[in-house]
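# I'll drop the sequence and a predicted model, then ask my questions.
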Amino acid sequence: MTFTALPGTRAPVRIWTDPASIEEQALRQVRNIGALPWVHGVAVMPDVHYGKGATVGSVIAMREAVSPAAVGVDIGCGMSAVRTSLTAADLPDDLSGLRGRIEDAIPVGFRSHDHPVNPRRLHGTGGWARFWAGFDALTPSVAQLRDRAGKQMGTLGGGNHFIEVCLEAGTDQVWLMLHSGSRNIGKELAERHMAVARKLPHNADLPDRDLAVFLAGTPQMDAYRRDLFWAQEYAARNRATMVALLCQVVRDALPSADVRFDPPISCHHNYVAEERYDGVDVLVTRKGAIRAGTGDLGIIPGSIGTGSYIVPGLGNPDAFCSASHGAGRRMSRTKARKTFTASDLVAQTAGVECRKDAGVVDEIPGACKDLDSVIAQQTDLVEVVAHLKQVVCVKG
């Protein structure tokens, strides 16, 4: 489909779904964003739903300003995927052992590594000394988190983060996939800067103080950009570390398979980038959206049991070269826990080796939008080159 323009906003707002299908709270947020004086334009993805300050599934181009809440608290959250030389026939009939090996190698939930992962175990990821030296320049109030950040490098976290073993439709090729971000250090940095932004005088009359912005040329903006870009790099390195650990798990579990791995595909979906549209330099915030420039490879996952898509971008400037980051939620986690039971989860995740207990009921497929419908609404943003179906899913 092509976009629908939302009337009555100061900056152009383009929506890649039926506006009538967007929950009232989220649509109000979109209008609030479009009213900000610094906004050049907004693109709303088909997986849009209510979030703190800015909607999840929104792409916001700002001139000389950025809103920390429009990035979210998990700075740099995103996806990585690796195609392997394995096929379904190479996998064991009982996948519980493989799931257990993954959970042993990669801490989930609030767990961390006992000791920081040795970066020499990674392939093709260097610059670690420079990266960790940057920690000392971060906001001083996070200095005590250095040891924790080191031990959380290469860990999954909880919530909607996951690690999966998938099969490609039509070929049965095995893929490895994961979703995670900047862990506790990203959250701590984000919350500190959001609190600073809310107190700045130029944000006093905003319709939603959670949309508070930093302005270019101010020390607050400089401090946020420094911490933001460091946290985005942390998130990318965190995923690279987990990919390396996950590949080693597969090698160890299938020693006779002589498995080979393609270069990873990796993309942020909560981040800021410096880009140029309509002849204007802007800061583009993607909160629950991926970059989909021409040929950019992206990952659009669904919920447990519904699969994921590998998508090259089509470079649509109307959407600021963006696409959705997933299926998106159709109900809150609280409502999902009230609506569904562990028995429902068992039924809806049939055929997937994964947790099926009450602790992850809020991640049930029924709480999410239909992924195929979401993909169908953005055929002018991406094309599909692979459809993956998970057979193992690890969650915190």
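Here it is on my side, so go on. Numbering: from 1, shown residues only.

# going forward, measure contacts between C-alpha atoms and count neighbours the same way
Fine.

# Val385 and Ala169: what is the separation?
10 Å (CA to CA, to the nearest Å).

# So which of these two has more stuff around it?
With neighbours defined as other CA atoms under 10 Å, Val385 and Ala169 compare such that Ala169 has more, 13 against 10.

# and the residue nearest to Asp90 when sequence neighbours are not counted, what is it in contact with?
Distances taken as CA to CA, 6 or more residues apart in numbering put Ala257 closest to Asp90, at 7.1 Å, once the chain neighbours are dropped. Shown in contact with Ala257 (CA atoms under 8 Å, 6 or more residues apart in numbering): 86, 90, 251.

# cool, and Phe261?
Counting by CA under 8 Å, 6+ apart, Phe261 has contacts 82-85, 247.

# what does stretch 23-37 contact?
The list of residues contacting stretch 23-37 from outside it, by CA under 8 Å, 6+ apart, reads 9-13, 19, 39, 41-42, 48-51, 53-55, 206-208, 211.

# average pLDDT across that stretch?
For stretch 23-37, the mean per-residue pLDDT is 94.

# Check stretch 57-77 too.
96.

# What of stretch 159-172?
96.

# okay, it in CSV with CA atoms only?
Taking C-alpha atoms only, stretch 159-172 is exported to CSV below (Å, rounded to 0.1, in the frame of the first residue of the first chain):
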residue,chain,number,x,y,z
GLY,A,159,10.8,-9.0,27.8
ASN,A,160,10.4,-9.4,24.0
HIS,A,161,14.1,-10.3,23.5
PHE,A,162,14.8,-13.8,22.1
ILE,A,163,17.2,-16.1,20.4
GLU,A,164,15.9,-18.5,17.7
VAL,A,165,16.8,-21.3,15.5
CYS,A,166,14.7,-21.0,12.3
LEU,A,167,14.0,-22.8,9.0
GLU,A,168,13.7,-21.0,5.8
ALA,A,169,10.5,-21.7,3.9
GLY,A,170,11.1,-23.6,0.7
THR,A,171,14.7,-24.6,1.4
ASP,A,172,14.7,-25.8,5.0
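
# For that stretch, give me every contacting residue.
Here stretch 159-172 has contacts from 87-88, 109, 156, 173-180, 363, 386-396, using CA under 8 Å, 6+ apart.

# Can you mark which positions in that stretch are buried?
With burial defined by 16 or more other CA atoms under 10 Å, the residues of stretch 159-172 counted as buried are 161-168.

# farthest-separated two in the residues you listed?
By the measure CA to CA, His161 and Glu168 form the most distant pair in the buried residues of stretch 159-172, at 20.7 Å.

# Count the neighbours of Glu353 for me.
Residues within reach of Glu353, counting by other CA under 10 Å, total 21.

# which non-adjacent residue is nearest it?
Val392 (4.6 Å).

# Not counting the strand or helix carrying that neighbour itself, show me its contacts.
Assessed by DSSP states H and E, Val392 sits inside strand 386-395. Contact with strand 386-395 is made by 95, 99, 102-103, 108-109, 158-169, 175, 304-311, 351-355, as judged by CA under 8 Å, 6+ apart.

# Please narrow those residues to those residing in helices.
99, 102-103 (DSSP state H).

# Could you dump these into CSV and include neighbour count, pLDDT and distance to Arg329?
Output for the ones in helices among the contacts of strand 386-395, formatted as CSV (neighbours: other CA atoms under 10 Å; pLDDT from 0 to 100; distance: CA to CA, whole Å):
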residue, neighbour count, pLDDT, distance to Arg329
Arg99, 21, 97, 26
Ile102, 25, 98, 27
Glu103, 18, 97, 26
